[in-house]
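Novice: quick check, what structure comes out for this input:
(2 chains)
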Amino acid sequence: MDTITKREIILDNYSHPYNKNKDNVDSYIKVNSNNESCIDNIDLYIKIEDNMIKDIKFDGEACAISTSSTSIMIKNLIGKRINDAIKYIENFENMLNEKEYDENLLNEALVFDETYKQSSRKTCVTLPYTGIKKVLMQYKK
Amino acid sequence: MNRKDFPMLENNIIYFDNAATTFKPKKVIDSINNYYSNICSNVHRGDYEISIKADKMYEDARNNVAKFINAKPEEIVFTSGTTESLNMIVNGFFDKYLDEGDEVLLTLSEHASNVLPWFKLALKKKIIIKYIELDSTLHVTLDNVLKAITPNTKVISLASITNVVGDERPIKEICEYAHQNNIFVVVDGAQSVAHKKTDVVSLDCDFLAFSAHKMCGPTGVGVLYAKKELMEVIEPTNFGGGMNESFDSINEIYLKEIPTRLEAGTPNVAGVIGFSSAIDYLTSIGMDEINIHEIKLKKYLVDKLKEIPHINIVNEECDSAIVAFNVDGIFAQDVAFYLDKYNICVRAGSHCAKILKDAIGIKNTVRISLYFYNTYEELDKIVDLLKDKEKIISEMI
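Specialist: Below you'll find the predicted structure:
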């Protein structure tokens, strides 16, 4: 993916983030994601049924990279079984940590394939993942 | 001013985060190296030459700091920084002094270090925290202080200059009124002592806390100033070596005089020596000259930023060299990341003043905080980079 396309995808997910609302989330599991080194702070709302992620929404304040990373993560995780979701996250983290990964599983998340070069932005990209992992690990079988 | 003295400025960066910490002149770095290279030994021992020398330098530093703020040497305790100093004031003095129902006056623009120790004490002692109202320009006026005082007010604790809004408080007037009503005044000097002349006798504050690293000194050193009669009754919060005279059993512990009694354990000798060197350095430039130069820079920056329609300055009326702003529709941290690509260091966030959002309705800002080594050319560069909003958006990621 070329740099211009990556930029467009990131900005599109920042300007029009997917499921950035907390409408009707009463039955959802809520988890907060923040990190010490930056000011991003988001709440994730996750609906899990029959061992499957049915829906994810989010709300809060975050920078362009964190917001778009959350938006892309949500699109990629909805509809996945818990174990497949965990595999997806592991694969994504492998990409960020310069390990071997399968790019066919990542869709738009591939825009972050060069984030490892910017240590300050890595925490932004991983922000939503720290929260969702806490929830998924509890459901893991 | 004096840019050639700072090795960090040779790294091709523009540093606008001086409210967080400042760069160190070579003279300060050399003084620390000299201690570690030539006279490395513990203080308060004095059995051999280098220890006597280190001890003398440590106590000379105390005299130097005292002179710098017009205090007596026994009124100066070295701490790890403003945070530790404020915690010692709250836990070593006010824990004993305050009773249930007593009131502490703070403001919504205080730094966490002047809020959280009081919150903890409030839970423990059932004292009440109240806030002095800020005016429309986010200043503390004497009128609003008087309005907030009740017969139960026992202490007013506030920064002389705040770290986000950068407003200066009328400390001398507040102290005068407070003392007529038997109210103590604690001053957080982290953002003021570095930038303008401080005279504790003239201010008449009861306690003052500040840090070396915000005034060209090393990290990990700070000062707790208290009037002598108050210093005498501060309970040590740390016990151990260096602060006791003798001890035989649990009932027979004899402590040293102030200020040593409040400096348990081996102090940060290198840091204190470096701090003293920083004070010499600042004095050689002149605190008034520093202040005048910074305010000129700040005014120049504010005038330039005001011309940019998509920039909203939060603290236009501030008195110090701090400018907090936002770019319309762009998250503060994205602005900071964008500027970082041009080697410009600014801070984005709430700047540890987390209850300030209740007063200004804005949680996060981009903060430029200046020091005397900043230049007009550096300001032109950042203004130029902030002028084009499309450029910020396309380069912030």
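Novice: give the contact list for the closest residue in space to A:Asp102 that isn't next to it in sequence.
Specialist: Using C-beta to C-beta, 6 or more residues apart in numbering or on different chains and skipping the chain neighbours, the partner closest in space to A:Asp102 is A:Asn91 (5.7 Å). Where you see a C-beta, it was placed from the backbone N, CA and C, and this is true even at glycine. Residues near A:Asn91 by C-beta atoms under 8 Å, 6 or more residues apart in numbering or on different chains: A:101-102, A:105-106.
Novice: number of nearby residues for A:Tyr94?
Specialist: Just so we're on the same page, residue A:94 is Asn rather than Tyr. Residues near A:Asn94, counting by other C-beta atoms under 10 Å in any protein chain shown, number 13.
Novice: what sits against it?
Specialist: A:100-101.
Novice: okay, it: pLDDT?
Specialist: At A:Asn94, the predicted lDDT confidence score is 93.
Novice: tell me which element it falls in.
Specialist: helix A:82-96 (DSSP states H and E).
Novice: packing partners for the next helix or strand after that helix?
Specialist: For helix A:82-96, the following helix or strand on the C-terminal side (DSSP H and E) is helix A:119-139. Helices and strands touching helix A:119-139, as assessed by 3 or more C-beta pairs under 8 Å, 6 or more residues apart in numbering or on different chains; DSSP states H and E, comprise strand A:29-34, strand A:41-49, helix A:64-77, helix A:82-96, helix B:332-340.
Novice: from the chain's centre, how far out does helix A:119-139 sit?
Specialist: When distances are taken as C-alpha atoms, centre = their mean, to the nearest Å, helix A:119-139 is centred 7 Å away from the chain's centroid.
Novice: mind saving the C-alpha coords of it as PDB?
Specialist: Extracted C-alpha coordinates of helix A:119-139, given in PDB (Å, rounded to 0.1, in the frame of the first residue of the first chain):
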ATOM      1  CA  SER A 119       7.900   4.800  18.700                       C
ATOM      2  CA  SER A 120       5.700   7.700  19.800                       C
ATOM      3  CA  ARG A 121       2.900   6.600  17.400                       C
ATOM      4  CA  LYS A 122       3.100   3.000  18.400                       C
ATOM      5  CA  THR A 123       1.300   3.600  21.700                       C
ATOM      6  CA  CYS A 124      -1.400   5.500  19.800                       C
ATOM      7  CA  VAL A 125      -2.000   2.500  17.400                       C
ATOM      8  CA  THR A 126      -2.100   0.000  20.200                       C
ATOM      9  CA  LEU A 127      -4.400   2.000  22.400                       C
ATOM     10  CA  PRO A 128      -7.700   0.300  21.600                       C
ATOM     11  CA  TYR A 129      -6.100  -3.200  21.700                       C
ATOM     12  CA  THR A 130      -5.000  -2.900  25.300                       C
ATOM     13  CA  GLY A 131      -8.600  -2.500  26.400                       C
ATOM     14  CA  ILE A 132     -10.200  -5.100  24.200                       C
ATOM     15  CA  LYS A 133      -7.600  -7.700  25.000                       C
ATOM     16  CA  LYS A 134      -8.600  -7.500  28.700                       C
ATOM     17  CA  VAL A 135     -12.100  -8.500  27.800                       C
ATOM     18  CA  LEU A 136     -11.300 -11.100  25.200                       C
ATOM     19  CA  MET A 137      -8.900 -12.900  27.500                       C
ATOM     20  CA  GLN A 138     -11.700 -13.400  30.000                       C
ATOM     21  CA  TYR A 139     -13.800 -15.100  27.300                       C
END
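Novice: report the buried residues of it.
Specialist: The neighbour-count check on helix A:119-139 (16 or more other C-beta atoms under 10 Å in any protein chain shown) flags A:121-129, A:131-133, A:135-136, A:139 as buried.
Novice: and for that helix, what's in contact with it?
Specialist: The contact list for helix A:119-139 (C-beta under 8 Å, 6+ apart) reads A:29, A:31-35, A:37-38, A:40, A:42, A:44, A:46, A:48, A:51, A:56, A:58, A:62-63, A:65-66, A:69-70, A:73-74, A:77, A:82, A:85-86, A:89, A:92-93, A:96, A:112, A:115-116, B:337, B:340.
Novice: OK, contacts around B:Leu146?
Specialist: B:Leu146 is in contact with B:Tyr177, counting by C-beta under 8 Å, 6+ apart.
Novice: residues from chain A in reach of chain B?
Specialist: With C-beta under 8 Å from any C-beta of the partner chain as the criterion, chain A meets chain B at residues A:7, A:10-11, A:14, A:38-40, A:61-65, A:68, A:120-121.
Novice: recalculate using a threshold of 10 Å.
Specialist: A:6-7, A:10-11, A:14-15, A:38-41, A:61-68, A:111, A:118, A:120-121, A:124 (C-beta under 10 Å from any C-beta of the partner chain).
Novice: put the buried members of these into a ChimeraX selection.
Specialist: Buried members of the residues of chain A next to chain B, defined by 16+ other C-beta under 10 Å, are picked up in ChimeraX with:
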select /A:6,10,11,14,38,39,40,41,61,62,63,64,65,66,67,68,111,118,121,124
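Novice: hang on, the earlier thing: got the contacts of A:Asn91 as a markdown table, with neighbour count and pLDDT columns?
Specialist: Putting the contacts of A:Asn91 into a markdown table (neighbours: other C-beta atoms under 10 Å in any protein chain shown; pLDDT from 0 to 100) gives the following:
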| residue | neighbour count | pLDDT |
| --- | --- | --- |
| A:Tyr101 | 18 | 93 |
| A:Asp102 | 11 | 93 |
| A:Leu105 | 15 | 89 |
| A:Leu106 | 18 | 91 |
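Novice: buried ones in the helix holding A:Asn94?
Specialist: Neighbour-count burial for helix A:82-96, counted by 16+ other C-beta under 10 Å, picks out A:82, A:85-86, A:88-89, A:91-92, A:95-96.
Novice: so which of those is the closest to chain B?
Specialist: Using C-beta to the nearest C-beta, the shortest approach to chain B within the buried residues of helix A:82-96 belongs to A:Leu96, at 15.7 Å.
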